[in-house]
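Colleague: For reference, the sequence and a predicted model appear below.
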Amino acid sequence: MLFYFIKMKSAIATSLLFVATAIAVPLEARTAATVGFALSNDQSGAYSGVTFPADGADRTIPSLFGSASVGSSGHVLASSAQLTQFPGTISCTLKNNGAVLATFTSQKTYAALGGNPAKAIVVNLDHGVINCRA
């Protein structure tokens, strides 16, 4: 009888562990971190911001900004980029034509895309990709 009781206790504990694991995974997925990212064209005055999950997926700049003010000319043109909302563990990489333009973290939230913060150099981001991971 004692053996049966110990075996049942073990089975209940194992069942509870499985239930806790099953519940924890969906909660984690539902609370995925988001990032706010903005582009500015300091020559035209255009500014646009978007929000998306910081899930490590590549997102094309035209899909995010093509219909926004920085993309209204048929091309996405921007002179600077900025994180506007982010968790403390954020890491984002902005590439254009495969080359890294900027890396963003919670400590480095702004980048002059033309490489010179003193000048508003507009860059065509039609082949740009952003990837953010929290």
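Modeller: Cool, the structure landed.

Colleague: Partner strands of the helix or strand L94 falls within and their direction?
Modeller: Assigned by DSSP states H and E, L94 belongs to strand 91-96. Partner strands and pairing direction for strand 91-96 (DSSP bridges) are strand 99-105 (antiparallel), strand 128-133 (antiparallel).

Colleague: hmm, which helix or strand of the chain has the shakiest average pLDDT?
Modeller: Ranking every helix and strand in the chain by mean pLDDT, DSSP states H and E puts helix 2-30 at the bottom, with a mean of 47.

Colleague: what's the following helix or strand after it?
Modeller: strand 34-41.

Colleague: For S69, list the residues it contacts.
Modeller: Residues near S69 by CB atoms under 8 Å, 6 or more residues apart in numbering: 46-48. In short, each C-beta sits where N, CA and C put it, glycine included.

Colleague: Where does pLDDT dip in the chain?
Modeller: Along the chain, the model assigns pLDDT under 70 to residues 1-32.

Colleague: Domain ranges for it, per the record?
Modeller: 1-31, 34-133 (automatic domain parsing).

Colleague: Tell me which of the ones you listed is the most buried.
Modeller: domain 34-133 (a mean of 17; mean count of other CB atoms under 10 Å).

Colleague: centre of the chain versus it, how much separation?
Modeller: 11 Å (CA atoms, centre = their mean, to the nearest Å).

Colleague: Okay, and the beta partners of R133?
Modeller: Applying DSSP bridges to R133 gives these bridge partners: D55, S91.

Colleague: who touches it in this structure?
Modeller: When contacts are counted by CB under 8 Å, 6+ apart, R133 touches 54-56, 90-92.
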